[in-house]
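Trainee: sequence and predicted structure, then a few things I'm wondering about:
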Amino acid sequence: MSVRAFRATPFSYATLIVVSAVLSVPLVFVVSIALSSDQTVNANTFTILPREFHWENFTRVFSTELPMQRFLLNSVIISLGAVVGQVLSSGLVGYAFARLRAPGKNALFLIVIATMMIPAQITMIPQFILFKELGWVNTFLPLIVPNFFSNAFNVFLVRQFVSRLPSEIDEAAMVDGLGFFGIYRRIMLPMLAPVLIAIGIFTLTATWGDFMGPLIYLNDESKMPLALGVQYITSTSQALQAPPWNLVMVGSILLTLPMILVYYLGQKYLYEMDISGGSAGVK
Amino acid sequence: MSKLSKLRRREALWFYLFASPWIIGFVVFLLGPMIASVYFSLTDWDSFTPPKWVGLDNYRRLLTDDPVFWKALWNTFYYAAISVPLGLVLGLWLANLLNKQVRMRKLFRTLIYLPTLVPLVATAMIFKMVLAPSGPLNDLLGVVGIPGPSWLLDSMWVKPALILLSVWGAGGATVLLLAAMKGIPRELYEAAEVDGASSLRQFWSITVPQLTPIIFFNLIMGLIGAFQVFSQVYILTKGGPNNASQTMVPLLFNEAFSFYHLGYASALSWLLFAVIMVFTLIAFRSARRWVFYETEVR
């Protein structure tokens, strides 16, 4: 039965085409700037659609005095460190909350949920003092180490995921004489792959794009990840000389492409997780 | 019996062992800092000299003596109150269009979702250029005969500019709402069709009520996120011109890390927390009136 609500009218198409086009303008414009010559940058005569195609900007960006390779490498190190930390710790903690029985567990889980409501700004200053005392300022450690202690949202995800798995599996393993760690390591871990991959993706995208964390902790140009580095280039250019916008936009594209790739490769895990997360598209 | 309890004890021990990363992290990175933050907020402290106890003076100064705080609070309200509902309405509208039997749906969905994959720093860089006085947005406005303002440099237009940036990411809500729309039972629409309901009527009487739980969830998450807006403000305007775009978190960041007013900034963070809590509670209160749950008997 054909239902009116699902019937596409010419007006539906017109709207979709106009909206998609308008939303794409900034992306096309970025590519256009990234492919511009230095003359165009200095004259500030960019066009929405690319008129010149200086693809060499994408290789040139690595051979200027801007430490773009360094930025990229730093981003990779920080993000991978954070992902490893979250995946290792969240799986273990989430499994414990889902399966193991212990006095005080339910109260503890309520605390886990409650901590999700505390905005990061509350702990930002004391954490900074803590890391300063430890001598960790201007190192990657403040951005990586806390991830090895999992976080409430990820613990919650793993716990929900494990709760849906049949408990006969670990009971059988128990009868076979496998200890709790053995059960986790050999039985649970392989089954947790989808949720751990989803957590890996969340952590990767959050860390890769994080701006405030590096801004607080990293002052040396050589320590900056790409997200901070791109901004740093535009903020330190001389007033007389415009920032090299073509190279900045190449940097922005380098910052974006891995996110598109990760989303493309990972979307089936994300949909499997049935995440209702996300923030209404409000950045 | 004793064997069982021994087993139970062993299990409890393993629980605490497995949960220890979170427990340690909670104490070291959350509970400890929270307590410290309460204390800092009651002191005058620059991190170099010992903190000086001032009681509630930081809070008093913020609330009665600091015009920038009130301006930042108002700007944050303004930003949240417009960007979040606007993003949701746009998301709902687009999701409804994509839920129709349109050709090339995947292409449209991808184009609408793509902006949400761009990291915020890159988004800010892009909008710095898009919103430039002679940038593409004003070019497009010029085509239809509207002289565009100088967005980020104009104290009247800087907040709308930031809202525009946030609305560019409406695809996030679109995709979530679209997924939820797919879950609405088709029979509801077929019954309405038999009754002769128009497509608009079907949208308002079936689609929207069925989606209210997910709209509500997005509203809460969106509000919390909007109250904490930081990167785009810091990168694009630094709060200017004349504090017209100063919001709570950039203000807090400046007080803490530019001026080293750590006590003052800590007090500010607790006020931010209070504001977020109040609005979350109001949203939950209002939910009883407009959020529809399947299992509810009315």
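Mentor: Nice, thanks for sending it over. Numbers count the residues shown, from 1 in each chain, chains lettered A, B, ... in the order given.
Trainee: so where do the strands sit in chain B?
Mentor: For chain B, the strands defined by DSSP state E occupy B:43-44, B:52-53.
Trainee: grab the most central residue of the chain for me.
Mentor: Just so you know, I chose chain A. The C-alpha lying nearest the average C-alpha coordinate of chain A belongs to residue A:205 (C-alpha atoms, centre = their mean; 1.2 Å).
Trainee: not quite, go with chain B.
Mentor: Compute the mean C-alpha point of chain B, and by C-alpha atoms, centre = their mean the closest residue is residue B:225, 2.0 Å away.
Trainee: indicate which one of the strands of chain B is closest to chain A.
Mentor: Shortest distance between chain A and the strands of chain B, using C-beta to the nearest C-beta, is found for strand B:43-44: 11.6 Å. (C-beta placed from N, C-alpha, C; glycine too.)
Trainee: so which residues make contact with that closest one?
Mentor: Residues external to strand B:43-44 that are found in contact with it (C-beta atoms under 8 Å, 6 or more residues apart in numbering or on different chains): B:51-54, B:57-58, B:263-264.
Trainee: count of residues packed around residue A:265?
Mentor: 11 (other C-beta atoms under 10 Å in any protein chain shown).
Trainee: that one sits in which helix or strand?
Mentor: Residue A:265 belongs to helix A:245-272 when elements are defined using DSSP states H and E.
Trainee: what about that helix, near chain B?
Mentor: Yes. Judged by C-beta under 8 Å from any C-beta of the partner chain, helix A:245-272 and chain B are in contact via A:245, A:248-249, A:252-253, A:255-256, A:259-260, A:263, A:271.
Trainee: report the closest residue of chain B relative to chain A.
Mentor: Counting by C-beta to the nearest C-beta, chain B gets nearest chain A through residue B:25, at 2.5 Å.
Trainee: for the nearest residue to that residue once chain neighbours are set aside, give its distance to residue A:95.
Mentor: In this structure, residue B:25 finds its nearest non-sequential neighbour in residue A:149, 2.5 Å apart by C-beta to C-beta, 6 or more residues apart in numbering or on different chains. In this view, residue A:149 and residue A:95 are 16 Å apart by C-beta to C-beta, to the nearest Å.
Trainee: of the two, who's got more company?
Mentor: Set side by side, residue A:149 and residue A:95 show more neighbours around residue A:95, with 26 against 22, by other C-beta under 10 Å.
Trainee: pLDDT wise, what is the more buried one at?
Mentor: The pLDDT attached to residue A:95 in the predicted structure is 95.
Trainee: among the contacts of strand B:43-44, which one lies nearest to residue A:42?
Mentor: Nearest to residue A:42 among the contacts of strand B:43-44 is residue B:264, at 42.8 Å by C-beta to C-beta.
Trainee: per-residue pLDDT, residue 107?
Mentor: Just going to use chain A. As predicted, residue A:107 sits at a pLDDT of 95.
Trainee: chain B is the one I meant
Mentor: According to the prediction, residue B:107 has pLDDT 94.
Trainee: just residue A:240 next, same as before
Mentor: Residue-level pLDDT assigned to residue A:240 equals 56.
Trainee: remind me which residues of chain A are low pLDDT?
Mentor: Using pLDDT under 70 as the threshold, the predicted model of chain A has low-confidence ranges A:1, A:237-241, A:271-283.
Trainee: surely residue A:88 is in contact with residue A:149?
Mentor: No. Under the criterion of C-beta atoms under 8 Å, residue A:88 is not in contact with residue A:149, lying 10.3 Å apart.
Trainee: tell me the domain ranges of the chain?
Mentor: This is for chain A. Listed by automatic domain parsing, the domain ranges of chain A are A:4-55, A:68-272.
Trainee: you looked at the wrong chain, it should be chain B
Mentor: Using automatic domain parsing, the domain ranges for chain B come out as B:2-41, B:65-290.
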